[in-house]
Every structure is written in C-alpha cells, then in structure tokens.
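Asker: here is a sequence together with a model predicted from it:
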Amino acid sequence: MTSVKLIAKPAPEVLVLGVSKKGAALHIESADSGLTANNIATLSAILKDLGASGAADEITKVPFTSPKVILFTGLGDGKKVLTHEALRRAAGSAARALTGHESASFALPHKSSLELGAIAEGAALGAYTFNEFRVASLVENKPGLKNVNIVSHLSKNEDAKKVIKRAEIIAEQSAVVRDLINTPPSHLTPDSFSQRMKKIATSLGLKVEILTEVTLKSKGYGGIVGVGQGSANPPRLLHVSYSPAKAKKRFAFVGKGITFDTGGLALKPAAGMEAMKSDMSGAAAVIAATFAIAQLKLPVAIDAWAPLAENMPSDTATRPSDIITIYGGKTVEVLNPDAEGRLVLADGLQRALEVGKKAGGLDGIIDVATLTGAQVVALGTRTSAVMTNDEKFSGQFLTAANLAGEQFWPMPLPEELRASIDSPVADLANIGDRMGGMLVAGLFLKEFVDPEIPWLHLDIAGPAYNERTAHGYTPVGGTGIALRSLVTLMELQK
C-alpha cells in the first residue's frame, strides 16, 4: 500500500514539478517547491534544450543538487484552465515514472482541497504495480513508489488532511480491484474471490454471506447456476453489507463476477481470450467500493452483491436453447451461452431487490458489468456507458463521475428494441438484435428491476481492462473503473 502524506516543504528526495506551454515558452509550475527564481530560469533552459513540450503524459527527469532529481510532468496547454482531472493524470504519470523509488515530493499547483485531493489520488493510483507472480530478485521487477509526499500551503488545513486520507483509501481499494482483475484464473475462482473479499470485509467489521453451489441450486438461482455448471470451479454469490447506525439512505450494488469467460459452448476465438480474466471487474468494483465507503464512514447503507461463476465448455455446460429459471421465477431461453453476464446479474438484481425491500426499501440500485463488446464499439476503451430508468439518478451519477475523473456517457434504452428479446418458449431470450447490442443487454436487465426504484446499469467492458499502454494514473491491465464514481456518488447523498 502506498503511503500519502501532507508536508509543508519538500524533502531532500525526488521533487515532482509541473510544466506547461504558454505560446512558445515553457512554464514551470513550482508552487511550494522552495526553488529560487534563478533555479527556475536554469531549469527552464535545460527543459528547452531537452526538447520538453509540456504535453500531458510527458515526463522529463533533470539531475539536480538538492533534491538530487527533479521530475517534470506535463500539464498541457498553459493557456487553458487546469482541471482537477489534468492534475490527477499528471501526478499519476509522474508516479508511474518513479517505480522503484522509495519516496518523492509532489509540488504541483493547486488552490483548493479538491485539486489537492486530485494530486494525491493521482499519485497514489499511479504508484500501483502488480508483481505477485514475478521473481522479486529480478532488477526490472521493481515495486511502485512507496511514499507520496504532497507539498502544500494547506498542510495544516483539516479539510486538506481529510482529502489526503480519502486519496489513500481510494488508492488502497482501487489496488484491490486491480489485483483481482490481474490475477490469473488459475488463482482466482468464484470461491477464492469470495474468500479473499471475506478476509478484507471481516477486518473492516462488515457482514459477509457466501452462498455455495448447493444453496444456489436449492434456492433457485438459475442464472448463476446455469452459467457456472460447465466448470469444475463451482459458482458463488457473495454478499457484503455495510450498515451504519445513522444511515440516511440505502443502496444496492450488483457486480458481474465471471472469473473467466470462454464463452461456454459459444466458444470465443482464441485471440484475445486471455483478457477474459477481467470479466469479473464489475464484481471487484462494487465490493471494493463498499470497503471504501465503510472506511470513509459514509452515512449510507450498502448491500453489495457479486454473483460469481466461471463460464466454461463441458458436457455439463448450458446448451444453446436451454431454458433456465432466474431467481424470482422468470424463465430465460439461453440462445447464446456467451451472453452470460446478464444471466448472473438477473439473479443478483432480483435478490438485491428482495433484501432491500425487507430492509425498508432501496433509494437506488446500481449494477456494474463488463457486459458487451458493443459497448467498446460504441464508446471505445476509455468511456463507459450509463443506462437508467431514472434520469435524476443518472444525472447525480454523471456529476459524481465527473468529480471522480471517470468518463461515463448516457445511453438510451429504446423500447423498439425490447421485442427482440421475446422468446416463443420462455419469458425472455438472453439475446436480441445485434445492432444496438449494448442497449438490448440493458433492456434485458431492466426486466429484473423494480420500475419504482431508481436504477443504473454501468457497462464498463472497454475501460475496465487496459490492453494498450499505460497513461496518466492508469496502468496496463485492470484499471479499477467505476469504484471512484460509486464512492463519490455516495458522498453526494444528502
């Protein structure tokens, strides 16, 4: 875990400064750094000679005396307003470039606690590395930056201290999500996922319930059982509860937890299948978000549900045209066993609504899933989709996502597509029109949600797993998308 501290003056270590471009000139952002005007002039000349441009994600290291090294992180166009997300990404880029270092002082420009928090969060997120399966003695397998020191004139401000602690918690739980996603399916099964999360939840004083395959079958969880029955690793339903004494509202989170998705008997092509270890990203996000909400002691009650299964082909796997019964009684004709995420989510949504009703009602329910390839086609690899039955709730979430620095975009649920999931032999089919496939999946899930309860469906298929190059505070592999937005949304509840 990366430690984040607030300090008034830079320590004699690596110093991180920002650099932007204003017209033809480079501008060094040296807030609270303690550098003299002569130092700045000399460093500006060095940066110019090195060809620095100040562009976002650009890193330039310059040897110095005290500190020994100054690392410049690009802030982009100096004529534009510097957003909190630009600061978050710049700090993240710097932290990534400091892998293997013990500590560094970040003296980036900020005027408010919001900007300070973004710097701390970006640096802590950027310090993430995943070396669990690497040989520690090899030189190239360096640990991430251990100590992040944020230099600030707000160092004695109580609000500033709170945002630093919050950044530390966000980074800690984002690392939990990233670790789960990056863990290979040989080491992460529905049961081991549940046990790992139970250990953390118990340490935080949270209530944990794990339903095994025997209970799932006897209680009628046809979606989870149907998806998981082809695997030697049996399915699970993990339930984590956070119930503060003076909760103002109650929400349910449901996350898709396919620990590996081969497509079942609708077998996927070999190319790219290795990324299917990330098909449990939604489950990881909702459970870890609940941990963060508990650590922050927010006055909202959360029931988080992770329906977990491994989708494998075998003689016991669900066949195309099989009919399964979802928890609560609705039947589904499984036309495509590779459209499995919506089946486990249907079970999870129904159970979450049932428990929420018994607890006095829900103020909202949110499902998070790497659900469709159509999401990536529509929005690319950095923007996730939001679908809803309540525009006000969606608006609150989009506000939270913007504050958190996560990119989400609202998508419709067109009624004219609903008929495509009709089945001649069951209540529903699990696939419909190919065109608008992301929206069809959302319409399927809508069938398992109470129309009177505000609901959000977050399709994070592309952004959950970065297969390209690292950028900002985002590493290659699991990203942790949705966790920060969920936590921020709960912070906005009145």
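Answerer: All right, it came through fine.
Asker: every contact and neighbour count from this point should use C-alpha atoms.
Answerer: Will do.
Asker: can I take it that residue 44 is in a strand?
Answerer: No: counting by DSSP: H, G, I helix; E, B strand; the rest coil, residue 44 is not part of a strand but helix.
Asker: wait, it sits on residue 26?
Answerer: Yes: taking C-alpha atoms under 8 Å as the definition, residue 44 is a contact partner of residue 26 at 6.8 Å.
Asker: can you find the helix or strand of the chain with the lowest average pLDDT?
Answerer: The weakest-scoring helix or strand in the chain, judged by mean pLDDT, DSSP states H and E, is strand 25-29 (a mean of 90).
Asker: dump that one to CSV, restricted to CA.
Answerer: C-alpha atoms of strand 25-29 as CSV (Å, rounded to 0.1, in the frame of the first residue of the first chain):
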residue,chain,number,x,y,z
ALA,A,25,7.5,29.4,-23.9
LEU,A,26,7.6,26.6,-21.2
HIS,A,27,6.2,27.5,-17.9
ILE,A,28,7.4,25.7,-14.7
GLU,A,29,4.7,25.3,-12.1
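Asker: how long is stretch 60-73 end to end?
Answerer: Distance between the two ends of stretch 60-73: 7 Å, counting by C-alpha to C-alpha, to the nearest Å.
Asker: what sits up against that stretch?
Answerer: 11-19, 46-47, 52, 54, 56-59, 90-91, 93-94 (C-alpha atoms under 8 Å, 6 or more residues apart in numbering).
Asker: could I get the contacting residues of residue 453?
Answerer: 362, 363, 364, 365.
Asker: so where does residue 225 fall, helix or strand?
Answerer: helix 222-228 (DSSP states H and E).
Asker: I'd like the next helix or strand past that helix.
Answerer: Next element after helix 222-228 (DSSP H and E): strand 236-242.
Asker: most neighbours, which of the contacts of residue 453?
Answerer: residue 365 (25 neighbours; other C-alpha atoms under 10 Å).
Asker: please tell me how far that residue sits from residue 133.
Answerer: 36 Å.
Asker: could you do residue 420 as well?
Answerer: 45 Å.
Asker: and the helix holding residue 225, what's its mean pLDDT?
Answerer: Helix 222-228 shows a mean pLDDT of 98 in the predicted model.
Asker: quick one, which of residue 420 and residue 133 is more surrounded?
Answerer: Neighbours per residue, other C-alpha under 10 Å: of residue 420 and residue 133, the larger number sits with residue 420, 18 against 8.
Asker: what ranges do the helices span in the stretch 51-200 of the chain?
Answerer: Assigned by DSSP state H, counting those that start in this stretch, the stretch 51-200 of the chain shows helices spanning 84-97, 113-126, 158-182, 190-203.
Asker: for those, give me TSV that also has mean pLDDT.
Answerer: Listed next are those as TSV, based on pLDDT from 0 to 100:
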stretch	mean pLDDT
helix 84-97	97
helix 113-126	96
helix 158-182	97
helix 190-203	98
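Asker: ok, which of those comes nearest residue 458?
Answerer: helix 158-182 (16.2 Å; C-alpha to C-alpha).
Asker: what's the burial count for the closest residue in space to residue 85 that isn't next to it in sequence?
Answerer: Nearest non-adjacent residue to residue 85, counting by C-alpha to C-alpha, 6 or more residues apart in numbering: residue 405, 5.5 Å away. Counted with other C-alpha under 10 Å, the neighbours of residue 405 add up to 20.
Asker: so residue 405 sits against residue 89, correct?
Answerer: No: the criterion here is C-alpha under 8 Å, and residue 405 misses it with residue 89 at 9.1 Å.
Asker: phi, psi for residue 14 please.
Answerer: phi -70, psi 130 (degrees, to the nearest 10).
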